[in-house]
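Coordinates only, no sequence provided:
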């Protein structure tokens, strides 16, 4: 189908609205935009133009559209079936959810009923209340921490859990806590953190009280002053004096100041001249392990002598066994047979 008329006009899609002898209202044409009924302009019915050779692409598009329309109907049916399946699956999921919740509630009810004996009128016991730490427990905990941390070989060069489990074992095995229920290692760790923090703060307060001590004041006055300083600094009373008395002689919590006493000035001067043996630095972990593995020259020589004697003893046993094996079994006595069996078992 041409795109231009011989007159040069553009081909348009025309719909007739007037009745003529050869047309009907609404009939479509491919005609020139300047069409006149003089036989000089192009005009062709729309049906002929589409079915002609030039209208093949239009026919193809119409067929494709028909195919798409058929596919749409098929897809709509498939969508309807999928929606029905989704509804069925949703109902099934709701039923399974209700069944799961019911089974869980039944299990919880059974577990709660098992805690109370059948036929007993006693109600289940409430959860154990938090126990306060006593003075005796604090003292044993301090002893456990000091003994475990000052081990020259193991020391604190280990994992957190292992270190505190050793302390917990020492704490629970103490004979001083025979009537006390056992504690967990996490409880010991938490309690030690509080004891260490409070005692370190009180050491500073006690140090300040010693520096302010006058010649008329004794140890009790210094302690009272230290408690007052602690309360003024931290707005709380110091309630772990028993723990401080256990730790105050250790190097970490020891006070550097010396209590003043006019009657004992000369004794203190003499004591200051004597070096404190506790101030000596303890050996390290590596040094202790090396000293444990190290052997003196006499011990090494003794070990070599023992190895030589053992080799000689084995050679003599081998010779005796060879001599017994070379003899006839019938000629051996009972003692020789027993000796031969014993040597064979030792050699094997």
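Structure's in. What do you need? These figures come from a predicted structure and were not determined experimentally.

residue farthest from the centroid of this protein?
Largest separation from the mean C-alpha position in the chain: residue 38, at 97.9 Å (Cα atoms, centre = their mean).

That one in helix, strand or coil?
On the three-state scheme (DSSP: H, G, I helix; E, B strand; the rest coil), residue 38 is labelled coil.

for residue 254, helix, strand, or coil?
Local secondary structure at residue 254 is given as coil here, using three-state DSSP.

Poorly predicted segments of the stretch 101-250 of the chain, please.
Counting by pLDDT under 70, the ranges of the stretch 101-250 of the chain that qualify are 111-129, 151-158.

All the helices of it, residue numbers only.
135-149, 160-172, 185-211, 219-234, 241-247 (DSSP state H, counting those that start in this stretch).

From residue 106, how far out is the residue nearest the centre of the chain?
The chain has residue 161 as the residue nearest its centroid, 13.4 Å off, counting by Cα atoms, centre = their mean. When Cβ to Cβ, to the nearest Å is the yardstick, residue 161 and residue 106 sit 38 Å from each other. (Glycine included, C-beta is placed from N, CA and C.)

now swap in residue 29 and tell me
Here the criterion is Cβ to Cβ. By it, residue 29 lies 83 Å from residue 106.

of these two, who's got more company?
When residue 29 is set against residue 106 and neighbours are counted by other Cβ atoms under 10 Å, the residue ahead is residue 29, at 21 against 10.

how about the more buried one, secondary structure?
strand.

Report the contact partners of it.
Shown in contact with residue 29 (Cβ atoms under 8 Å, 6 or more residues apart in numbering): 13, 14, 15, 16, 43, 44, 45, 46.

The same query, at a cut-off of 7 Å, please.
Each residue near residue 29 by Cβ atoms under 7 Å, 6 or more residues apart in numbering is listed here: 14, 16, 43, 44, 45, 46.

cool, and residue 209?
Applying Cβ under 7 Å, 6+ apart, the residues near residue 209 are 222, 225, 226, 229.

which of these lies closest to residue 334?
For the contacts of residue 209, the residue nearest residue 334 by Cβ to Cβ is residue 226; the value is 86.7 Å.

Can you report how many residues lie near the closest one?
Neighbouring residues of residue 226 were enumerated by other Cβ under 10 Å; the total is 25.

Can you list the buried residues in the host helix or strand of residue 346?
Secondary structure here is read from DSSP states H and E; on that basis residue 346 sits in helix 334-347. By neighbour count with 16 or more other Cβ atoms under 10 Å, helix 334-347 contains the buried residues 339, 340, 343.

With respect to residue 64, which of those residues is nearest?
Minimum separation from residue 64 among the buried residues of helix 334-347 (Cβ to Cβ) is found for residue 343, which lies at 104.1 Å.

pretty sure the closest one contacts residue 317?
Yes: the pair residue 343 and residue 317 passes the contact test of Cβ atoms under 7 Å, sitting 5.7 Å apart.

if we can go back for a sec, can you redo the buried residues of helix 334-347 as TSV with distance to residue 64 and pLDDT?
Listed next are these as TSV, based on distance: Cβ to Cβ, whole Å; pLDDT from 0 to 100:
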residue	distance to residue 64	pLDDT
339	109	83
340	106	81
343	104	80
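
Tabulate the residues you listed (a markdown table), appending distance to residue 150.
Rendered in a markdown table, the data for the buried residues of helix 334-347 read as follows (distance: Cβ to Cβ, whole Å):
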| residue | distance to residue 150 |
| --- | --- |
| 339 | 55 |
| 340 | 58 |
| 343 | 52 |
